[in-house]
Structures are given as C-alpha cells and as structure tokens.
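Peer 1: Could you look at this predicted model? Sequence included:
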There are 2 protein chains.
Amino acid sequence: MESVFEIIAEPNRRAILSLLVSSQQSVGEIERQLRMPQPAVSKHLRVLRDAGFVESKVDAQRRLYRLKPEPLQQVDAWLAPFRRFWSAHLDALERHLDRMEEPPPDQSTSVEKKTRRKK
Amino acid sequence: MESVFEIIAEPNRRAILSLLVSSQQSVGEIERQLRMPQPAVSKHLRVLRDAGFVESKVDAQRRLYRLKPEPLQQVDAWLAPFRRFWSAHLDALERHLDRMEEPPPDQSTSVEKKTRRKK
DNA sequence: CCATAATATTCCTTGACACGTATATACACG
DNA sequence: CGTGTATATACGTGTCAAGGAATATTATGG
C-alpha cells in the first residue's frame, strides 16, 4: 500500500482521521459515530496504523486510537510548492483587479462600486 | 473517479502536477521529462483535466497544459484541522523539553549540554 | 473456567483502474 | 493531398484493494 496519498484516498479512512483529530477514540466509538461495520473500522485502522497515521494503546478490552502527525505532515510538505504557485496567482489577480479599478472615469451612473481593500 | 484525493493517489499524476508547477508544458515535454509512454501521459492528463487540476490550450499540433489551483486548495483545506492538531503537539513537546532542561543540578561531570533555543 | 464484550483476522467476491498495444484524430507544411 | 508529427482514444488484461459474512482472538468479571 505504498504512499500516504493512497491511504487518504479512501473516504472512510479520511473520516476516521477527522474523528481522531479532536480526541482519541475506541473502535466502538468510531463504529457508532460513522455507522460503519466493525470489521471495516478495524481493517481501516490496521491500514492507518501500519502507515503510521495512528497508534493504539490498550485499555481493558478496548483499544484507544490516536493520531500521529508525521504522515499528514508529508502531505502538507508535498503541497508546499503548489501553495507558492497559487498565492502567486492570487497576487497576480489582485494586481489585475487593481488595474481594473480606476481607469474608466466614464461618467456613467456607476450604480455600485465594489471597493477592494489594499493588500 | 470521485474525489481529489483519489486523483492525487496516482504517483504519475503527482509527478505531472509537480512538473506543471514551474510552468506550462506540452504533452511531449512531459512525456520526455518523466520517461513515460505518451498514451499514459494523455490519459493521466485527461483525468486531471476532468477533475479540474489542469486546463489545456491548443498551440498548433501541441496542447499546452497548465495548473489550476482549486482542487489542490481543497486538499489544503482538508489538512487545516490537522495542522492545528500537530502544531499544538509541537508546542507540548517544546514545553516538555523545556521542563527537562534545567531540573537536575546534579554535580556529575555534565559532559555535554544540549542547549535549546527559547521560542 | 465460563459467558460476554470488544476487537481482529480470514476468506471470498467484485469492481475499478493502470498499463500496453494498437489505432484514430488533428494539424502543419511541402 | 500526402506525409510526418503531436496527441487522443479504444480495447483487452491483470492486479489489487474494499466490502460482507463468518470466525478467531483477547480481555473482563463472576
């Protein structure tokens, strides 16, 4: 199951991760909140654990699962160059809109003026 | 092909996206840089275009593909809660290490002292 | 020990999708 | 218009992973 991206491609696994972000949960709690058959939960948790997304600790018959940050940080790291890309584009758009701003001092009624803030 | 996460689960598609982040490219350029058979490139680009990751413009026989930001921004948005999670944890680790810092003024040789910066 | 609760694993089936190969379409230029 | 170049699509195939049902494992308390 190669990469972290394949792991989070599965919607149920993303749901589980989103649940765990607030606090640790037992298998049964996840099962109920996501209305998902128990074997499914266990199997997805197995995958998540093997990939380092979560870790479990034993509490009587229950197992409590909690998030580990590293794998999602990898995803975040992969996104970094793209973030630079799109912020550059937003800047370009800003400049473009700013140029659209003033030019036409045509004496039309100018019913509405969408005022834009300066960066 | 449901979600943006499934799209970027494919390694070759991620490679293509990473290529396009610097500048737009033709199919042939992608083909050569990634040493990937041309039909494969075209097919992945098809998927990426249908999902809104890229757009193409015609230039003679070539088609130039360039990035569109929205889908990856979705991924970024999904990561937001987790970022809060792990920065909280880093803070906790910092505090923990800081507490380890001073306490033992035992008169051992104290050969090495790993000095840590203050936040 | 036994009964029960909580979780994990196994087996099977099914569908999706990535890949290769072959072929089709589109465009340019002599 | 025919040839070459660039890109797209169609088809057949193998793989792999998710889902469901049944069962196994582990722990608890009486």
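Peer 2: Good, I have the coordinates.

Peer 1: Up against DNA strand C, what does chain A have?
Peer 2: In this structure, chain A approaches DNA strand C at residues A:26-28, A:31, A:38-39, A:41-43, A:45-46, A:56, A:61-63, judged by C-beta under 7 Å from any atom of the strand. The way it works is simple: take the backbone N, C-alpha and C, and place the C-beta from them, glycine included.

Peer 1: out of those, which are buried?
Peer 2: Buried by 16 or more other C-beta atoms under 10 Å in any protein chain shown: A:26-27, A:31, A:41, A:45, A:56, A:63, out of the residues of chain A next to DNA strand C.

Peer 1: And chain B, is the helix or strand containing A:L97 touching that?
Peer 2: According to DSSP states H and E, A:L97 maps onto helix A:70-101. Yes: on the criterion C-beta under 8 Å from any C-beta of the partner chain, helix A:70-101 is in touch with chain B at A:72-73, A:75-76, A:78-79, A:81-83, A:85-86, A:89.

Peer 1: What is that helix packed up against?
Peer 2: Under the contact criterion of 3 or more C-beta pairs under 8 Å, 6 or more residues apart in numbering or on different chains; DSSP states H and E, helix A:70-101 touches helix A:4-7, helix B:11-20, helix B:70-101.

Peer 1: Kindly reformat those helices as CSV containing distance to A:S22 and mean neighbour count.
Peer 2: Converted to CSV, those look like this (distance: least, C-beta to C-beta, whole Å; neighbours: other C-beta atoms under 10 Å in any protein chain shown):
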stretch, distance to A:S22, mean neighbour count
helix A:4-7, 20, 20
helix B:11-20, 29, 18
helix B:70-101, 9, 14
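
Peer 1: For these, which has the smallest mean pLDDT value?
Peer 2: By mean pLDDT, the lowest-scoring of those turns out to be helix B:70-101, with a mean of 89.

Peer 1: now the angle from it to helix B:11-20?
Peer 2: Per axes from the mean of the first three to the mean of the last three C-alpha atoms, to 10 degrees, the angle that helix B:70-101 makes with helix B:11-20 is 90 degrees.

Peer 1: chain center to helix B:70-101, what's the gap?
Peer 2: 16 Å (C-alpha atoms, centre = their mean, to the nearest Å).

Peer 1: which residues touch A:E10?
Peer 2: Taking C-beta atoms under 8 Å, 6 or more residues apart in numbering or on different chains as the criterion, A:E10 is in contact with A:44, A:47.

Peer 1: Phi and psi next, for it.
Peer 2: phi -80, psi 120 (degrees, to the nearest 10).

Peer 1: how near is it to DNA strand D?
Peer 2: 4 Å (C-beta to the nearest atom of the strand, to the nearest Å).

Peer 1: what do you get for A:K57?
Peer 2: From A:K57 across to DNA strand D, the span is 12 Å (C-beta to the nearest atom of the strand).

Peer 1: repeat for A:S23
Peer 2: A:S23 sits 21 Å away from DNA strand D, going by C-beta to the nearest atom of the strand.

Peer 1: pretty sure A:S22 belongs to a helix, no?
Peer 2: No: under DSSP: H, G, I helix; E, B strand; the rest coil, A:S22 sits outside any helix and is assigned coil.
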